[in-house]
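1. Build the 3D model from these lines:
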Amino acid sequence: VSARSQADSYKFKASRTDKGYTFGLDRAWILAPLREGAHNWEGTGYWTAITALEYLGHVTSLPGNEGIRANIDNVVLAGHSRGGHGVLTLATHMPDRFRAVVTASGYPDRESYGDANILFDV
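-> Numbers count the residues shown, from 1 in each chain. Alright, predicted model coming up:
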């Protein structure tokens, strides 16, 4: 899923009579790091997500961003499928860092990911 498609998934109509869409959420940041590959959260993908979170905290703390600061110590992780595996991996490696974890169809480890395991049998 492209970054644009991910962002578009958070648009909504504030009322039935609105002609256009409202993008984003009040007082919340949505960060959706992605790294391609069947098993992308054991290593590079894990560090990509952590770095993205820390960078969001840094960028929003720069002068002039007072109204949009991200509190990276108040984070809820959510993911589906491969993203669900990602949030489980992040949460188990850093259990004190996140407020809550939501996973939908996330697999606990790469060994239980079905047919993708043939990649490791070669």
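2. Now do the helices in the protein.
-> Applying DSSP state H to the chain gives helices spanning 3-8, 44-60, 82-93.
3. and the ones you listed as JSON lines, adding mean pLDDT?
-> Listed next are the helices of the chain as JSON lines, based on pLDDT from 0 to 100:
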{"stretch": "helix 3-8", "mean pLDDT": "71"}
{"stretch": "helix 44-60", "mean pLDDT": "90"}
{"stretch": "helix 82-93", "mean pLDDT": "88"}
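4. can you list these in a markdown table and add mean neighbour count?
-> Placement of C-beta: from N, CA and C, glycine included. Shown next, in a markdown table, are these (neighbours: other C-beta atoms under 10 Å):
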| stretch | mean neighbour count |
| --- | --- |
| helix 3-8 | 11 |
| helix 44-60 | 15 |
| helix 82-93 | 20 |
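5. could I get those helices as JSON lines with distance to Gly106?
-> JSON lines is the format used below for the helices of the chain (distance: least, C-beta to C-beta, whole Å):
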{"stretch": "helix 3-8", "distance to Gly106": "17"}
{"stretch": "helix 44-60", "distance to Gly106": "14"}
{"stretch": "helix 82-93", "distance to Gly106": "2"}
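6. Among these, which comes closest to Ile72?
-> Among the helices of the chain, the nearest to Ile72 by C-beta to C-beta is helix 44-60 (3.8 Å).
7. For Ala32, which non-adjacent residue is closest in space?
-> Gln6 (4.7 Å; C-beta to C-beta, 6 or more residues apart in numbering).
8. which residues of the chain fall in strands?
-> Ranges of strands in the chain, per DSSP state E, are 11-12, 22-23, 76-80, 100-104.
9. Pick the most deeply packed of these.
-> Comparing the strands of the chain by mean neighbour count (mean count of other C-beta atoms under 10 Å), strand 76-80 ranks first with a mean of 17.
10. re earlier: so which of the strands of the chain is nearest Thr44?
-> Nearest of those to Thr44, taken as C-beta to C-beta: strand 76-80 at 16.7 Å.
11. Run the angle between that closest one and helix 82-93 for me.
-> For strand 76-80 against helix 82-93, the angle by axes from the mean of the first three to the mean of the last three C-alpha atoms, to 10 degrees is 140 degrees.
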